[in-house]
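1. Here is my input; please provide its structure:
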Amino acid sequence: EVVVRVLDPYGKAQNAIPVSLESMLEDTSFWKNAVVRRTGLTDENGQIKFTVLEGIYRVSVAPHTSSSLSVHVDDSWDIKAFPEKTVTLFNKDNLSGSLVSFLGAPIANAEIMARTTWVSEATQSTTVREYVTTSDDIGLFELPVDAGSYDIRITPNESSGLPRTWLDEQVVIGETDTNIGQVLLAPPSLVEGQVITVDGTPIPEVSLDIYSQPSNGPAHLLARGLADENGQFHL
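-> Numbers count the residues shown, from 1 in each chain. Now for the predicted structure:
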């Protein structure tokens, strides 16, 4: 039995924080590439108990992306030597900037989403984490995030008429606050056409998505809509 205790920077116990333990088992005649994994939430005392096999574990403490506290990962916890572990979480770093339209006007109430992918060194499993905020009345935004490399998506309010935009390059967040400066959103482009069958008959109310495909990384959704009763679409 092992115990993990989670505290904030001021030593206060943190309740309902997700904690996970992962370890690769040595290959035997019964299994190969086997993984031990335990997950749970801390109690009101900031503690969680696990019953696991002896070994070297990766312990991950991952507050919700909306929390001000950062993720903590320890890849070499020997639970036989140290059956109890205290994890102190520190505050996230701030990603900030400002949004301006192609006309030079600040963009208020736009959603800014930062997406990163965490890879477990123990199991090579991946976890996508998304951090979201909105710009203020003068287009400024501030978003607490964990250290990592981020794809940034900006989704203006529908009333603005501006399209959603992905930044061309990833933003790397280290151990300090990062300001990406002024982000200029380009004017919208129009994609239009008609959906038909092989014999030329219009197909009504077809759902359509438009994606960009970067040279590396996942595709990004740019627009979504429906064709009309004649199969015509304007996105």
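
2. so who does the residue nearest to Asn109 when sequence neighbours are not counted touch?
-> Among residues not flanking Asn109 along the chain, Asn157 sits closest, at 4.7 Å (CB to CB, 6 or more residues apart in numbering). Yep, even glycine has a C-beta here, placed from its N, CA and C like the rest. Contacts here follow CB atoms under 8 Å, 6 or more residues apart in numbering; on that basis Asn157 touches 108-110.

3. same question, Phe102
-> Contacts of Phe102 (CB under 8 Å, 6+ apart): 184-187.

4. of these, buried ones?
-> Those of those that meet the buried threshold are Leu185, by 16 or more other CB atoms under 10 Å.

5. Just the ones of the contacts of Phe102 in strands?
-> Applying DSSP state E to the contacts of Phe102, the entries found in strands are 184-185.

6. Show me the contact partners of stretch 19-39.
-> Outside stretch 19-39, the residues touching it (CB under 8 Å, 6+ apart) are 2, 4, 6, 18, 40-42, 48, 50, 52-53, 55-62, 77, 120, 122-123.

7. ok, of those, which come out buried?
-> Buried by 16+ other CB under 10 Å: 2, 4, 6, 18, 42, 48, 50, 57-62, 77, 120, 122, out of the contacts of stretch 19-39.

8. Give me the contact list for the helix-or-strand element of the chain with minimal mean pLDDT.
-> When the helices and strands of the chain are compared on mean pLDDT, DSSP states H and E, strand 220-226 comes out lowest with a mean of 85. Applying CB under 8 Å, 6+ apart, the contact partners of strand 220-226 are 151, 153, 163-164, 166, 191, 205-212, 214, 233-235.

9. now the residue of the chain positioned farthest from its centre: how far from Glu54?
-> Most distant from the centre of the chain: Asp199, at 44.1 Å, with distances by CA atoms, centre = their mean. The gap separating Asp199 from Glu54 is 68 Å, by CB to CB, to the nearest Å.
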